[in-house]
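In: Test case, fold it:
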Amino acid sequence: MKTFVLLALVAACSAAVFKVPTTQSGSLRAKLISEGKYQNFLAAQHAARIEQLNTGSQPFVDYYDDFYLGNITLGTPAQPATIVLDTGSSNLWVIDAACNTQACNGYPDSGYKKQKFDTTKSSTFTKETRKFSIQYGSGSCNGYLGTDTISFGGLTIKTQEFGVATHLAEVFGYQPVDGILGLGWPALAVDKVTPVMQNALPQLDAPLFTVWLDRKLTISQGGSGGLITYGAIDTTNCDSQITYVPLTAKTYWQFALDGFAVGTFSETKKDQVISDTGTSWLGAPNTVVSAIVKQTKATFDWSSELYTVDCSTMQTQPDLIFTIGGTKYNVKSVEYILDLQLGGGKCALAVFSMGSGGFGPSWILGDTFIRQYCNIYDIGNARIGFAQAHHSF
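Out: The predicted structure follows:
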């Protein structure tokens, strides 16, 4: 899937428009680097990738790092859970209280204790005989399916089908999350489960939602992260001028990219791209990553496995320019160059290679792009809109 706005769940602003403030988790990389644990983490990830190859699976590229989360409740009486809000997937799952592995409980040095869902304490939970298994790029989860009442951001769905995970990949144990809430299309849903948003549509003024992500130069601290608006366009944090493009597939939020430029490099090539709140960085073809590296004079840091530049250039590097539907969208270097506290005055390029081949998208426009431009996910018209995001700096 990817790599992936902590919802503090407040009241709806009208009968059918729901605005929910969000917070960031903070950078997992920065945390592990500062604690001297990043090398061990990388080694574990390498081992997981080898295991995935040995089982014949081909997971979608995923970069969990500085991600956006939301608070939901499940069951009767309500039990809380903190979940990733992810437009790059379509399933909801939470952790089973009966799972007592380290990944399910959360590693002590992660600073986060998992909130697990106790199905035996919910009078409205119905367990199904069907199992579920989802493979993300960073790891997998599996368990069984069930239905129950869920609430988020003022919305309540009486009978939502979701996964109850009895096994999690180790990487989830490091992260301040209790599950994932997919905001993608039904065709992307594993086991043909109806996604949460499709069940919520009858309650909304308009069949869409808007994501605005706030800007932070020091991303490792987490904190307030933005706003997600269900049922309306965010006219406070987003510019009034919106440009829409049609979706090319109703699985991911996928559309056509007409061209890309950075510095003296440019190419006019129609590629498939997805908007993904669950991916922290920008995923691009190998040739484009090489061009960005050359134009920014970045070097590869083998110890952190990241491309780095001098932090003093954070605000002076060339814009990344995306051409979508005939409109150019500039992403400033303050968005794609991040201070992860690597030391030595080095900052990371928030870009990773998507490789080549296959029939999926060639690009992922993750949070790096979405911070610059509000994304309007228009379910009713099968299109996506972009508006300049407003920031205080």
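In: Isn't F300 up against Y307?
Out: Yes. At 5.6 Å, F300 counts as touching Y307 under the criterion of CB atoms under 8 Å. Where you see a C-beta, it was placed from the backbone N, CA and C, and this is true even at glycine.
In: Return every residue with contacts to both of the two.
Out: Each of V293 lies in contact with both F300 and Y307 under the rule CB atoms under 8 Å, 6 or more residues apart in numbering.
In: Just confirm A298 contacts L306, I think it does.
Out: No. Counting by CB under 8 Å, A298 does not reach L306; the two are 9.1 Å apart.
In: returning to that earlier point: F300 and Y307: which has the busier surroundings?
Out: More neighbours surround Y307 than the other of F300 and Y307, with 22 against 11 (other CB atoms under 10 Å).
In: any idea whether that one is helix, strand or coil?
Out: Recorded secondary structure, Y307: strand (DSSP: H, G, I helix; E, B strand; the rest coil).
In: hmm, back to that, got any residues that touch both of A298 and L306?
Out: Counting by CB under 8 Å, 6+ apart, the residues touching both A298 and L306 are L349.
In: List the backbone torsions phi and psi for Y252.
Out: Torsion angles at Y252 (phi, psi; degrees, to the nearest 10) stand at phi -70, psi 170.
In: If you could redo that for Q203, that was the one I meant.
Out: phi -90, psi -10.
In: Tell me how many other residues crowd it.
Out: By other CB under 10 Å, the residues close to Q203 number 16.
In: Touching, it and G154? I think so.
Out: No. With contact defined as CB under 8 Å, Q203 and G154 do not form a contacting pair (9.1 Å).
In: Run through the stretch 251-393 of the chain and note the low-pLDDT ranges.
Out: Across the stretch 251-393 of the chain, the ranges flagged by pLDDT under 70 are 355-359, 393.
In: Break down it into its helices, ranges please.
Out: Remark: helices assigned in the stretch 251-393 of the chain by DSSP state H, counting those that start in this stretch are 286-296, 333-336, 367-372.
In: Distance to F260 and mean neighbour count for those helices - can I get that in a markdown table?
Out: Below are the helices of the stretch 251-393 of the chain laid out as a markdown table (distance: least, CB to CB, whole Å; neighbours: other CB atoms under 10 Å):
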| stretch | distance to F260 | mean neighbour count |
| --- | --- | --- |
| helix 286-296 | 6 | 17 |
| helix 333-336 | 13 | 20 |
| helix 367-372 | 12 | 26 |
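In: Now distance to L181 too, for these, in a markdown table please.
Out: A markdown table is the format used below for the helices of the stretch 251-393 of the chain (distance: least, CB to CB, whole Å):
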| stretch | distance to L181 |
| --- | --- |
| helix 286-296 | 30 |
| helix 333-336 | 25 |
| helix 367-372 | 16 |
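In: Out of these, which is closest to P186?
Out: Relative to P186, the nearest member of the helices of the stretch 251-393 of the chain by CB to CB is helix 367-372, separated by 22.4 Å.
In: what's the spacing between the closest residue to S89 other than its chain neighbours and Y136?
Out: Using CB to CB, 6 or more residues apart in numbering and skipping the chain neighbours, the partner closest in space to S89 is G182 (3.7 Å). As judged by CB to CB, to the nearest Å, G182 and Y136 stand 11 Å apart.
In: So for those two, which residues contact both of them?
Out: Joint contacts of G182 and Y136 (CB under 8 Å, 6+ apart) are S89.
In: And the helices in the stretch 1-150 of the chain?
Out: Going by DSSP H, counting those that start in this stretch, the stretch 1-150 of the chain shows helices at 28-34, 38-54, 102-105.
In: Mean pLDDT lowest where, among the ones you listed?
Out: Ranked by mean pLDDT, the helices of the stretch 1-150 of the chain end with helix 38-54 at the bottom, a mean of 45.
In: Report the buried residues of stretch 110-121.
Out: For stretch 110-121, burial by neighbour count (16 or more other CB atoms under 10 Å) applies to 110, 112, 114-117, 119.
In: scratch that, stretch 198-214
Out: Neighbour counts using 16+ other CB under 10 Å place 198-200, 203-204, 206-214 of stretch 198-214 among the buried residues.
In: pLDDT added to those, as JSON lines?
Out: Below are the buried residues of stretch 198-214 laid out as JSON lines (pLDDT from 0 to 100):
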{"residue": "Q198", "pLDDT": "96"}
{"residue": "N199", "pLDDT": "97"}
{"residue": "A200", "pLDDT": "94"}
{"residue": "Q203", "pLDDT": "92"}
{"residue": "L204", "pLDDT": "93"}
{"residue": "A206", "pLDDT": "94"}
{"residue": "P207", "pLDDT": "95"}
{"residue": "L208", "pLDDT": "95"}
{"residue": "F209", "pLDDT": "94"}
{"residue": "T210", "pLDDT": "93"}
{"residue": "V211", "pLDDT": "91"}
{"residue": "W212", "pLDDT": "90"}
{"residue": "L213", "pLDDT": "85"}
{"residue": "D214", "pLDDT": "79"}
